[in-house]
Structures are given as structure tokens and as C-alpha cells.
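K.L.:
Sequence first, then the predicted structure:
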Amino acid sequence: MPTLKWKSGASFKIAIFQSSKNAVSVATVSVTGEESVKVPAGTFDAWKVDIAGLDAPITVWIEKAGDHRMLKQVLVGTPVEIQRVR
């Protein structure tokens, strides 16, 4: 994530290998806002990012500072949530 130029309104096209299809798909990654997000590792200022073009939409929160690490990931419409713990 550190190589992308994160900013409000940014949008990127990224090739992603989908093992369920044994194929590469192009996902659209769009910065849709800025939020403070609390995860077990602490509270961080983050970019809220929507990912479309895969089997299901995904929302992730990317740390604004440093290496732009992924803080949280939610599979939209499911109870699945992944959070950074350290």
C-alpha cells in the first residue's frame, strides 16, 4: 500500500489474482473519505477505501501516516471483519 498516492478522491485500478476464478481481475480502489478508526492496535487517522470489481465489494481503512498499513477490512454485506492487532 505505501506505493499508492493516497488522498481524498483518489481512484486506482489494480490487477488482483482471484484464486476462486484462477484469473486476474481488475479492481477499482477508491478513497471515499477520512475517518478515525479504532482497532486493537490503537486509534489511527485513516483513509476509508472502497474496492469494487471483485466477487464482492470490500471496504478497507488505510493508515494515513507512515507506510499506509491496512488497519481494518470489511467484506460488505457479511459479518466478516479483519482488524490490525499490532
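P.N.:
Arrived safely, thanks for sending.
K.L.:
how long is stretch 33-49 from one end to the other?
P.N.:
7 Å (C-alpha to C-alpha, to the nearest Å).
K.L.:
Now do the buried residues in it.
P.N.:
Across stretch 33-49, burial judged by 16 or more other C-beta atoms under 10 Å covers 37, 39, 44, 46-49. Quick note: C-beta positions are derived from backbone N, CA and C, even for glycine.
K.L.:
Can you redo the residues you listed as a markdown table, where the extra columns are secondary structure and distance to Gln18?
P.N.:
A markdown table is the format used below for those (DSSP: H, G, I helix; E, B strand; the rest coil; distance: C-beta to C-beta, whole Å):
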| residue | secondary structure | distance to Gln18 |
| --- | --- | --- |
| Val37 | strand | 27 |
| Val39 | strand | 26 |
| Phe44 | strand | 29 |
| Ala46 | strand | 26 |
| Trp47 | strand | 24 |
| Lys48 | strand | 23 |
| Val49 | strand | 19 |
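K.L.:
measure Phe17 to Ser25 for me?
P.N.:
Distance, Phe17 to Ser25, by C-beta to C-beta, to the nearest Å: 8 Å.
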